[in-house]
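> sharing a model prediction with you, sequence too.
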Amino acid sequence: MPGFMIKKVLNILISVIVFIGGVFLIFSGISQYTGMQKTHHTLYRFCDSLSDGQCGYLNEEGDTIIPPGTYGLCLTDSFQTFGVVLDEETGFWAIDTEGNVLYEIFCFDNGPDYYSEGRFRIILDGKIGYADSTGRIVIEPRFEAAFPFENGKAKVAIQCETLTVGEFSRWVSDQWFYIGKDGKTVEAPFESKNHQ
C-alpha cells in the first residue's frame, strides 16, 4: 500500500476514534468524567478526511471553531482553557477556545516543552517565561535562557548567547541564577559560562 494511502487510512482511524471519544464524553456528562464543571467552551479535535486528513476543532454543538488546515497539527484532543497546535514553519503555539494565539510554547527535544513541577516554558517577544497546567502565564517572559523546574527552582539567565553546533545548541551566560515557582530569585547570580 503506498505511503499516502497509509497516512489517509491512519487519519481516518484517528478521526473516528476522536469522534467516538467526543460523543462518549458529551453523552456521559463531562462534569462526571473529568471532575470539572461542564461548560460550553470545550473544543474537540476532528480530522476531515475530505481535506487530506487535516485537523481542526469543534465546539460541543458541532460548530467548527478552528477549521481543518489552520494548523499543521492539532496536538490537544480536547480542551477548555488552552490547546497546543503546531505551525510547521513557526513552531508550537498555545491557543484559547476562540482560536486566538496566546503564546509560543518553548520547543524541547523536537516537541512542545513538557510540564515540570506544574510549569512549562513559553516564549513571548523572544523572551522565555512559564505557564501552568491551565495555560495561565505564572512567570512573565523575561529570560533569554530558562530551564525546567527541578526541586522547586529553575536555572535562568536574563542575558545569554546561544551557541549552535550542527543540530545541537547550548546557552552560554556569566549571570545564571535560580528562581522559585513565583518567579522570585531564590539563589543569587553565580558565574558559569556554559550550560546545555
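Yep, it's here.
> tell me where the chain has helices.
Applying DSSP state H to the chain gives helices spanning 3-28, 30-34.
> how near is the closest residue in space to Thr42 that isn't next to it in sequence to Phe120?
For Thr42, ignoring the flanking residues on the chain, the nearest one in space by Cβ to Cβ, 6 or more residues apart in numbering is Gln80 at 5.1 Å. C-beta here means a position set from N, CA and C on the backbone, and glycine is covered the same way. Computed as Cβ to Cβ, to the nearest Å, the Gln80 to Phe120 distance reads 17 Å.
> Gly83 against Ile95, yeah?
Yes: look at Gly83 against Ile95 with Cβ atoms under 8 Å: they come within range, at 5.4 Å.
> out of the helices of the chain, which gets the lowest mean score?
In terms of average pLDDT, helix 30-34 trails the rest of the helices of the chain, at a mean of 34.
> circling back to that earlier point, if you count surrounding residues, which of Gln80 and Phe120 has more?
Using other Cβ atoms under 10 Å as the criterion, Gln80 and Phe120 rank with Phe120 on top: 22 against 18.
> list the beta-bridge partners for Ala94.
Val84, Tyr103 (DSSP bridges).
> same deal with Ile122?
For Ile122, the beta-bridge partners are Ile105, Gly129 (DSSP bridges).
> how about Arg45?
Taking DSSP bridges as the rule, Arg45 bridges to Tyr57.
> my read: Phe177 touches Gln159, true?
No: using Cβ under 8 Å, Phe177 makes no contact with Gln159, being 11.6 Å away.
> in terms of neighbours, single out the busier of those two.
Comparing Phe177 with Gln159 by neighbour count (other Cβ under 10 Å), the higher total belongs to Phe177, at 18 against 10.
> how far away is the residue nearest the centre of the chain from Ser169?
The centroid of the chain falls nearest to Val84 when counting by Cα atoms, centre = their mean (4.1 Å). According to Cβ to Cβ, Val84 and Ser169 sit 22 Å apart.
> same deal with Asp87?
Taken as Cβ to Cβ, the span from Asp87 to Ser169 is 21 Å.
> can you check Glu144 too?
Relative to Ser169, Glu144 is positioned 13 Å away (criterion: Cβ to Cβ).
> and Glu140, by the same measure?
24 Å.
> Phe177 versus Ser169, what's the distance?
21 Å.
> burial measure for the closest residue to Leu86 other than its chain neighbours, as a count.
In space, and not counting its chain neighbours, Leu86 is closest to Leu73: 4.1 Å by Cβ to Cβ, 6+ apart. For Leu73, the count of nearby residues is 13 (other Cβ under 10 Å).
> please apply the same query to Arg121.
Counted with other Cβ under 10 Å, residues neighbouring Arg121 total 25.
> ok, Asp125 next?
Asp125 has 9 neighbours, counted by other Cβ under 10 Å.
> also Glu89?
Residues lying near Glu89 (other Cβ under 10 Å) number 6.
> quick one: contacts for it?
Contact partners of Glu89, counting by Cβ atoms under 8 Å, 6 or more residues apart in numbering, are absent.
> how near is it to Phe82?
21 Å.
> correct me, but Gly135 touches Thr76?
No: the pair Gly135 / Thr76 is not scored as a contact, 10.3 Å apart, by Cβ under 8 Å.
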